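Trainee: what would the 3D arrangement of this be:
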Amino acid sequence: MPELVLWDIDHTLMATRGFGRELWAAAFEQVTGVQLREQASVTGSTERVILRETACLHDVPYSGDLFARFADALGALHVRRAAELRERGHALPGAAATLAALADRGVRQSVVTGNVRTAAEVKVATFGLDSYLNLGEGAYGEDGEARPELLRLALKRAGVEAEQVVFLGDTPADVAGGREAGVRVVAVATGKTSAADLRNAGAEAVLDGLADTDQVLAALGA
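Mentor: Below is the predicted model of the structure:
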């Protein structure tokens, strides 16, 4: 039985169906004055890295201050437009049931995500998942650039050892980050990466999704 289960958010617990990119573009234009033409790859990345690389694509100088202003703007947009997120996005099948089942077993849960914290909080609250998660024990886009760094911070905040933790994500970067941080990794093929590629990346177990709660719990050792 794991002491702590850490969740990626986008394409692991939920999908925003393009709405997240709209909010990202709006925040980018708000803080840079430049209309978004092209966004750097977001798969498995963090907001800090995505912003730096996207700024480069638009010849916009990057700085820590730019990221701080962008994080504030992106978080505020999520708060203001949460109702639209609810209409256009959705929790993935089985997400709520799995979180509830783990909570019933006394397993602590939080998130490790490239999202800025306010956006992450809005997302999980919008789809009714927040009550199962201790968000204070998670790690977010403001906290670092790479998954291993974020995972180690979450372990520190939760006061647990790596061998007591399972991390769930949907990208090879999630798998690699979890392995580097020393936690067990269960991957879900609910994003853009196939189950075969997630296995090849080194996931301990790979699930097609979260719909079969018993199957998910078995993979987690819960």
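Trainee: from now on I want contacts and neighbour counts done on CA atoms only, so please keep to that.
Mentor: OK.
Trainee: confirm for me that residue 35 is in contact with residue 29.
Mentor: Yes. With contacts counted by CA atoms under 8 Å, residue 35 reaches residue 29, the gap being 5.1 Å.
Trainee: now the longest helix that the chain contains: average pLDDT?
Mentor: Counting residues, the longest helix in the chain under DSSP state H turns out to be helix 64-80. Taken as a whole, helix 64-80 has a mean pLDDT of 97.
Trainee: how about stretch 1-21?
Mentor: Stretch 1-21 comes out at a mean pLDDT of 95.
Trainee: how much space between the residue lying closest to residue 221 once chain neighbours are set aside and residue 109?
Mentor: Here the nearest residue to residue 221 in space, its sequence neighbours aside, is residue 1; by CA to CA, 6 or more residues apart in numbering that works out to 5.3 Å. According to CA to CA, to the nearest Å, residue 1 stands 13 Å off from residue 109.
Trainee: residue ranges of the strands in this protein, please?
Mentor: Here the chain has its strands, by DSSP state E, at 4-7, 14-15, 90-91, 108-111, 165-169, 184-188, 205-207.
Trainee: and the chain, what are its domain boundaries?
Mentor: Residue ranges for each domain of the chain read 4-16+89-220, 19-86, as given by automatic domain parsing.
Trainee: include mean neighbour count when you put the ones you listed into JSON lines, please.
Mentor: Formatted as JSON lines, the domains of the chain follow (neighbours: other CA atoms under 10 Å):
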{"stretch": "domain 4-16+89-220", "mean neighbour count": "20"}
{"stretch": "domain 19-86", "mean neighbour count": "17"}
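Trainee: my guess is residue 19 meets residue 88, correct?
Mentor: Yes. Taking contacts as CA under 8 Å, residue 19 lies within contact range of residue 88: 7.0 Å.
Trainee: please, where are all the helices along this protein?
Mentor: Under the criterion DSSP H, the chain contains helices at 19-32, 47-57, 64-80, 82-88, 95-104, 117-126, 147-158, 172-181, 195-201, 213-220.
Trainee: export only the CA atoms of the longest one, formatted as PDB.
Mentor: What follows is helix 64-80, C-alpha atoms only, in PDB (Å, rounded to 0.1, in the frame of the first residue of the first chain):
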ATOM      1  CA  GLY A  64      11.900  35.400 -14.100                       C
ATOM      2  CA  ASP A  65       9.700  38.500 -13.800                       C
ATOM      3  CA  LEU A  66       8.000  37.700 -17.100                       C
ATOM      4  CA  PHE A  67       7.200  34.200 -15.800                       C
ATOM      5  CA  ALA A  68       5.900  35.600 -12.500                       C
ATOM      6  CA  ARG A  69       3.600  37.900 -14.300                       C
ATOM      7  CA  PHE A  70       2.500  35.200 -16.700                       C
ATOM      8  CA  ALA A  71       1.800  32.800 -13.900                       C
ATOM      9  CA  ASP A  72      -0.400  35.400 -12.200                       C
ATOM     10  CA  ALA A  73      -2.200  36.200 -15.400                       C
ATOM     11  CA  LEU A  74      -2.800  32.500 -16.300                       C
ATOM     12  CA  GLY A  75      -4.100  31.700 -12.800                       C
ATOM     13  CA  ALA A  76      -6.400  34.700 -12.900                       C
ATOM     14  CA  LEU A  77      -7.800  33.600 -16.200                       C
ATOM     15  CA  HIS A  78      -8.500  30.100 -14.900                       C
ATOM     16  CA  VAL A  79     -10.400  31.600 -11.900                       C
ATOM     17  CA  ARG A  80     -12.400  34.000 -14.100                       C
END
